[in-house]
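>>> could you look at this predicted model? Sequence included:
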Amino acid sequence: MLTVVTMVSALRDNKPDTIAINCEQQDETILTEHYVTFIGLYNPRMSEEEIHEIVDAVMESAQQHQIEPQLLMALIAAESGFRRYAISSRGARGLTQIMPDKCEQDWTDIKFNVSRGSSYLKEQLDRFSSISTALAAYNAGPSRARKGPDYYPRETRLYIKKVLRIYEELLQTTKKSEEAASAVSSLFTLKILKPRLFLILVGTEFICHLL
């Protein structure tokens with residue numbers, strides 16, 4: 001963790017580069033902890049080790065397939081509630097509810113399941129260039145998605161609404177974390193000689209008072 005003492009010491013020693021690196025690491029850590037908390041609320045019975053494994057798989061797959069991790073996290077929440085052994089009445093399986101014909105490996109494997117679901121979601125995003133339509137294709141199939149919202153089953157309409165709601169909530173969390181990191185970074189551009197800095201940590205936000 002990046003502490004107040006560390007930042008003040010670095011400022012006095014004129015080492016802004018070191019602090020900037022630490023701030024980026026701190027921001028990533030904060031986001032990871034937000035995702036851990038989010039999953040834990042969805043599935044309280046899940047072990048902490050399994051939660052971290054899911055978060056790691058989501059971050060890795062999101063980067064690999066160029067998908068926002070918030071969108072992928074929201075999709076998994078709506079699809080399975082983060083239950084890795086979930087099987088739907090139609091046979092969809094695991095965290096991302098992939099169909100049996102896409103399970104060329106062990107579908108209970110967290111990394112594989114998340115990666116396979118991410119790949120399919122990316123395919124729909126590239127095909128339709130619309131998040132809501134891509135979600136419809138993921139849930140009800142590309143053919144039905146092409147017909148438009150008027151032809152979506154009620155289940156699909158509710159599914160899209162749920163994913164987008166969770167997605168927006170996670171985006172807001174990310175925004176707040178980025179604003180907190182930006183507030184800290186702004187300290188390093190100050191050109192005041194020997195300022196007395198009092199840094200107050202409130203949640204994930206830093207307040208700087210120059211006296």
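Done, it's in.
>>> pretty sure Arg127 sits against Tyr138.
No - Arg127 is beyond contact range of Tyr138, at 10.7 Å (criterion: C-beta atoms under 8 Å). Bear in mind the C-beta positions are built from the backbone N, C-alpha and C, glycine included.
>>> more neighbours, these two?
Shown here are Arg127 and Tyr138; by other C-beta atoms under 10 Å, Tyr138 has more neighbours (25 against 14).
>>> which pLDDT value goes with that one?
Looking at Tyr138, its pLDDT stands at 97.
>>> and for the one 5 residues further on?
We note a pLDDT of 95 for Ser143 in this prediction.
>>> next, count neighbours for it.
Neighbours of Ser143 using other C-beta under 10 Å come to 9.
>>> quick check: closest non-adjacent residue to Gly40.
Once flanking residues are discounted, Gly40 sits nearest to Ile51: 5.9 Å by C-beta to C-beta, 6 or more residues apart in numbering.
>>> quick one: contacts for the one you found?
Contacts for Ile51 were tallied using C-beta atoms under 8 Å, 6 or more residues apart in numbering; they are Val36, Ile39, Gly40, Asn43, Phe82.
>>> which parts of the host helix or strand of it are buried?
Assigned by DSSP states H and E, Ile51 belongs to helix 48-65. By neighbour count on 16 or more other C-beta atoms under 10 Å, the buried set for helix 48-65 is Ile51, Glu53, Ile54, Val55, Ala57, Val58, Met59, Ser61, Ala62, His65.
>>> from what I see, the fourth one and Tyr35 are in contact.
Yes - counting by C-beta under 8 Å, a contact exists between Val55 and Tyr35, whose distance comes to 4.8 Å.
>>> rewinding a little: nearest to Leu171 among the buried residues of helix 48-65?
Within the buried residues of helix 48-65, the smallest distance to Leu171 is 13.3 Å, found for Ala62 (C-beta to C-beta).
>>> list the contacts of the closest one.
Contacts for Ala62 (C-beta under 8 Å, 6+ apart) come out as Glu68, Pro69, Leu72, Ser118.
>>> and the helices in the protein, which stretches?
For the chain, helices defined by DSSP state H occupy the ranges 4-12, 16-42, 48-65, 69-80, 110-128, 131-140, 142-146, 154-185.
>>> among the ones you listed, which is nearest Gly94?
That would be helix 110-128 among the helices of the chain, by C-beta to C-beta, at 4.0 Å.
>>> who touches the closest one?
50, 53-54, 57-58, 60-62, 64-67, 71-72, 75-76, 79, 84, 93-98, 102-103, 105-107, 131, 133-135, 137-138, 142, 145.
>>> go again using 6 Å as the cut-off
Helix 110-128 is contacted from outside by 53-54, 57-58, 61, 65, 67, 72, 84, 94-96, 98, 102, 105, 107, 134, 137-138, using C-beta atoms under 6 Å, 6 or more residues apart in numbering.
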